[in-house]
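Chemist: heads up, no residue letters with this:
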């Protein structure tokens, strides 16, 4: 870990920047609050100015000049191309598959990209931890063309199998989405503070395809609750550029 | 018919005024264009200032200062409490039974208040006359608490049984609406240029309860295609007052 | 992102023979100029969808563009019948016209289902009427919670939907206000869409009652001032009520209609900066029929 | 016609023990003052309905007003957990809390069905998730046209829905704008409704993006300035983000919550011309927790 002493950025910053880079201009992104919102707004500030941000509170094309403090922050409405009702968001815009990327967080994520934000523990009626629940995520995960997950990685949160499927990823493997008739491709990208995972094209199991600069494969494996496979051609995430770091810090500082 | 020479109003004017009188203040009225719209606007100008007019083009609480030339006349939107989409009119406002009176016209009306605005002739595929069709009427007739019909009376239009049920009245008699689960009471009042009919409480057959001043029962029977029954206590419509006539004529003249 | 283009190019690219096409606008913002451009380009075998086929569809039907009409109220509002529509239904002139008939509530919900990516919609509708006997796209469905039976209608998903709106910006974002009918649903339900607008502006000033269609939800935008005439665009024009009566005299006979087609549609270029058929002078209105047939809409 | 009345009288008349009550407002326009008045009047055995039970329901649940919660996302937005909600679910304190859990899409459609007078709604939802295993108000339904299976959820028709809006006129017509969430649907779905407003005005100036509820669709209107605090009313106030963090310190322990209840709710009168709990001074915020738990909403 000699590299860490030289780093001028945190692993959270690397995560947000790596997540932002995954977005490309013109995409329509359904944005969850927190890490996804930071990444999506950073992308708009850097390389993807014409990214279309959609928030479930009812805004199409929000262009906030600071990070929204909540999904209902007034700045999302004030800067939007259109403000619509919540039923309309889900029925007219999400459900028919008009959104390219669903950008989600997760409390617990498993080997096949299934997401749990409902309960920790296998007894739903008497959970170890009661989490907030589904929100918009089940249908975001079903209907967006692709799902990107951005989440801090740990053995506790990256598990063999989630306790509760709040948002369906790839189930127990390849082909399950098609069988269920889910229109979108599901989670195609998982970005953490350590690296990037993608589903194996054959099995849909999440495979480490990229480590952030200064992170070792062992570190990622130690922070994963299953026997994480590594892609044959493992890449290293280029470190944040000055411009990216500055944009991120300005965004976070803006009030 | 000695009275006619003294009359200073037309039978159409009597009809509109009689129809306007049927409405009382505060009622929510779903208004069809043409005769119903004239009557409803006249009521607003005379005794029922706070009548709430709802047009299927998407206006709640229109207060036009002249007769709308069409259901989509801009004045309906400009003077409305709220302008909404057409799906919302039908789903959120009509369907749940929020409207007191559905005020309809008819091309053909039968003994049990069923309305036909679809085809004249019994062969749908090869009709004698192709009429405009249903529009909003079937669900207006189903969902409003009551339906008032305003229509010029003739043997041709007042028939034993309509060729096509566009809007269900009382079917073939009392109790059929309940059997179909229709929430509203159906046609409770039919106002014509000759008099007024109401369904018999026992049979739901339309019975003449009122003739306009100067009109004889025989005249009404001659203009009816079934053996019209007459209520034991037949009333005579009071003639238009000066104020009513003036209001109606001003309304019709207003541009 | 919507392409900003001419009406002629938009219709050429987006409307094909055999397509299912919806021109919407509930008495306000009816895309008349686009309808006439479809006639001008001589499209055939269209399935036309519209809640209120009025003059705009009388013209398309009379010109032989349509093989089928899906609708809920077909008339000349405030005037009477659509003679070209009647002639097609009753006499197959100039070509036979199949009809699929619903109520407004049913049609509105069919568009809502289409816009929502659902295969069908549920409503309390059609009960006791004769419509389900003749329209096989009306079925019943049972509520899985209460056991109640309700009506079900299939989604409408046109190949192309065409609407008229007040404004678009240079990015192709569309803004309309006033009576907005079922236009948003029609566009969102369609595979492709064209919006003609009164004007293209630098910025869309927010308006009370506005409906916005983001550019990425629209295929093409064409500037066609007065493109709704004889219908109107609130804030831009008034409804030409006299034209509706005048149309009765044109549409009533095949000959007069054919002359109108030759002169006013085929004899003119596609509307661009000014709509092909300008509001008429009184002299044009010699055979206005005042016969009115007032029926429930 | 809506009755214009005080918050205290409105809650006394409209909210009864055992009622199903929906307080809506999607992060904007949350009717906090009304929630606290329900606590103050010591209502019991309520079935609380809300897409996003946040602080307003943490307070009601902690005060023992609720026996059941129907919801789709329960958290303190941007801060973390709702400790009173967790304590009720996990430890039945102060009373057991039954839960009925949906997704946002499902809840939104349940309100839409309720507002539409339909017994159920259809959506593409819940597929592959574990929610249907635990929530018996999620069923499947087959499209009568395509044979496709979709999700069905029953209508929500609360006994009372309560929302906060910017303005009403003296006739009781309500106007709101900005993020309008599911409030119109919640009011239209309910048997009775109460709207608290920032102010009652002579005339409702039209606003872009406005939603109007006519007076005859609302039961009661009460003027409660700042009645959404710590949420906000666009055009009137800003969201008090610090209060959300501060609430974590209050709600975390039963004792601190009880003290808050005694002081800020039972120790004050119903909000009338000024909302009972004014924005807090910094001195009140001694135990603000910064622990955040960011999960997908």
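Modeler: Great, that's in hand. All of these numbers come straight from a predicted model, not from anything done at the bench. Numbering: from 1, shown residues only, chains lettered A, B, ... in the order given.

Chemist: list the contacts of the nearest residue to residue A:94 once chain neighbours are set aside.
Modeler: Counting by C-beta to C-beta, 6 or more residues apart in numbering or on different chains, residue A:94 lies nearest to residue A:143, which is 5.3 Å off, once chain neighbours are set aside. For the C-beta atoms, the positions are set from N, CA and C on the backbone; glycine is no exception. Contacts were defined as C-beta atoms under 8 Å, 6 or more residues apart in numbering or on different chains; by that measure residue A:143 touches A:94-97, A:99, A:102, A:183-184, C:117, D:124.

Chemist: repeat the analysis, applying 6 Å as the threshold.
Modeler: When contacts are counted by C-beta atoms under 6 Å, 6 or more residues apart in numbering or on different chains, residue A:143 touches A:94-95, A:97, A:183-184.

Chemist: and residue C:102, how close does it get to chain D?
Modeler: Per C-beta to the nearest C-beta, to the nearest Å, residue C:102 is found 14 Å from chain D.

Chemist: and the residue nearest to residue A:94, how close does it get to chain B?
Modeler: Using C-beta to the nearest C-beta, one obtains 21 Å as the distance from residue A:143 to chain B.

Chemist: can you say which of the contacts of residue A:143 are buried?
Modeler: Neighbour counting over the contacts of residue A:143 (16 or more other C-beta atoms under 10 Å in any protein chain shown) leaves A:94-95, A:183-184 as the buried ones.

Chemist: from the residues you listed, which single one is nearest chain B?
Modeler: Comparing the buried ones among the contacts of residue A:143 against chain B with C-beta to the nearest C-beta picks out residue A:95 as the nearest, at 15.7 Å.

Chemist: so the closest one makes contact with residue C:117?
Modeler: Yes - counting by C-beta atoms under 6 Å, residue A:95 sits close enough to residue C:117 to count as a contact (4.7 Å).

Chemist: please enumerate the strands of the stretch 101-250 of chain A.
Modeler: For the stretch 101-250 of chain A, the strands defined by DSSP state E, counting those that start in this stretch occupy A:101-104, A:108-110, A:115-116, A:119-120, A:129-130, A:146-150, A:158-159, A:187-191, A:195-199, A:206-212, A:229-237.

Chemist: gap between the fifth one and the chain center?
Modeler: Averaged C-alpha coordinates place strand A:129-130 at 22 Å from its chain's average position (C-alpha atoms, centre = their mean, to the nearest Å).

Chemist: I'd like to know how far the residue of chain C found nearest chain B sits from chain D.
Modeler: Minimum separation of chain C from chain B (C-beta to the nearest C-beta) falls at residue C:27, amounting to 2.2 Å. Applying C-beta to the nearest C-beta, one obtains 21 Å for the distance of residue C:27 from chain D.

Chemist: so for that residue, what's the pLDDT?
Modeler: As summarised for this prediction, residue C:27 has a pLDDT of 89.

Chemist: burial of the residue in the stretch 51-200 of chain C that chain A sits nearest to, as a residue count?
Modeler: Proximity of the stretch 51-200 of chain C to chain A (C-beta to the nearest C-beta) peaks at residue C:117, 3.0 Å away. Other residues within reach of residue C:117, judged by other C-beta atoms under 10 Å in any protein chain shown, total 22.

Chemist: mind listing what it touches?
Modeler: A:95-96.

Chemist: state the pLDDT value of it.
Modeler: Reported pLDDT at residue C:117 in the predicted model: 98.

Chemist: where along the stretch 151-297 of chain C do the helices fall?
Modeler: Secondary structure of the stretch 151-297 of chain C (DSSP state H, counting those that start in this stretch): helices at C:183-189, C:241-251, C:254-260.

Chemist: now do the stretch 1-150 of chain A
Modeler: Assignment of helices within the stretch 1-150 of chain A using DSSP H, counting those that start in this stretch yields the ranges A:2-6, A:11-21, A:35-45, A:74-78, A:86-88, A:137-143.

Chemist: up against chain A, what does chain C have?
Modeler: Remark: the part of chain C in contact with chain A comprises C:115-117, C:173, C:188, C:212, C:214, using C-beta under 6 Å from any C-beta of the partner chain.

Chemist: mind redoing it with 10 Å?
Modeler: C:1, C:112-118, C:157, C:169, C:171, C:173, C:175, C:184-185, C:188-189, C:204, C:206, C:210-217 (C-beta under 10 Å from any C-beta of the partner chain).

Chemist: just the buried residues out of those residues, in ChimeraX syntax.
Modeler: Remark: buried members of the residues of chain C next to chain A, expressed as a ChimeraX selection using 16+ other C-beta under 10 Å:
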select /C:112,113,114,115,116,117,118,157,169,171,173,175,184,185,188,189,204,210,211,212,213,214,215,216,217
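
Chemist: narrow the residues of chain C next to chain A to those in strands?
Modeler: In this view, the residues of chain C next to chain A that belong to strands under DSSP state E are C:169, C:175, C:211-213.

Chemist: restrict the residues you listed to those near chain B?
Modeler: By C-beta under 10 Å from any C-beta, the members of those lying near chain B are residue C:211.

Chemist: residues from chain A in reach of chain C?
Modeler: Listed as neighbours of chain C in chain A under the rule C-beta under 10 Å from any C-beta: A:26-28, A:50, A:52, A:54, A:60-61, A:80-84, A:87-88, A:90-98, A:100, A:143, A:183.

Chemist: give me the buried entries from those.
Modeler: For these, burial is judged from neighbour counts taken by 16+ other C-beta under 10 Å, and it is met by A:27-28, A:52, A:54, A:60-61, A:80-84, A:87-88, A:90-96, A:98, A:100, A:143, A:183.

Chemist: can the helices of the stretch 1-150 of chain A go into CSV with extra columns for mean pLDDT?
Modeler: What follows is the helices of the stretch 1-150 of chain A, written out as CSV (pLDDT from 0 to 100):
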stretch, mean pLDDT
helix A:2-6, 50
helix A:11-21, 97
helix A:35-45, 95
helix A:74-78, 93
helix A:86-88, 98
helix A:137-143, 97
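
Chemist: of all those, which one is nearest residue A:214?
Modeler: For the helices of the stretch 1-150 of chain A, proximity to residue A:214 was assessed by C-beta to C-beta; helix A:2-6 is nearest, at 3.5 Å.

Chemist: quick one: find the helix or strand in chain A with the lowest mean pLDDT.
Modeler: Every helix and strand of chain A was ranked by mean pLDDT, DSSP states H and E. The lowest is helix A:2-6, at a mean of 50.

Chemist: C-terminal to the helix or strand hosting residue C:10, what's the next element?
Modeler: Take DSSP states H and E as the rule and residue C:10 turns out to sit in helix C:7-14. Sequence-wise, the next helix or strand downstream of helix C:7-14 (DSSP H and E) is strand C:20-23.

Chemist: does anything pack onto that following strand? Which helices or strands?
Modeler: For strand C:20-23, the elements it packs on are helix C:32-40, strand C:46-50, helix C:55-62, strand C:66-71, helix C:104-115, strand C:160-169, helix C:183-189, strand C:192-201, judged by 3 or more C-beta pairs under 10 Å, 6 or more residues apart in numbering or on different chains; DSSP states H and E.

Chemist: which of the residues in it are buried?
Modeler: Of the residues in strand C:20-23, C:20-23 count as buried by neighbour count, 16+ other C-beta under 10 Å.

Chemist: please work out the average pLDDT along that strand.
Modeler: Strand C:20-23 carries an average pLDDT of 98.

Chemist: before we move on, what about stretch A:220-234?
Modeler: The predicted model assigns stretch A:220-234 a mean pLDDT of 98.

Chemist: neighbouring contacts of it?
Modeler: Residues from elsewhere that reach stretch A:220-234, judged by C-beta atoms under 10 Å, 6 or more residues apart in numbering or on different chains: A:108-112, A:152-161, A:192-198, A:200, A:203, A:205-212, A:215-217.

Chemist: pull out the buried positions in it.
Modeler: Within stretch A:220-234, the residues scored as buried using 16+ other C-beta under 10 Å are A:220-221, A:223-226, A:228-229.

Chemist: can you report how many residues neighbour the nearest residue to residue A:40 once chain neighbours are set aside?
Modeler: Closest residue in space to residue A:40, ignoring its immediate chain neighbours: residue A:31 at 4.7 Å, by C-beta to C-beta, 6+ apart. Number of residues near residue A:31 (other C-beta under 10 Å) recorded here: 30.
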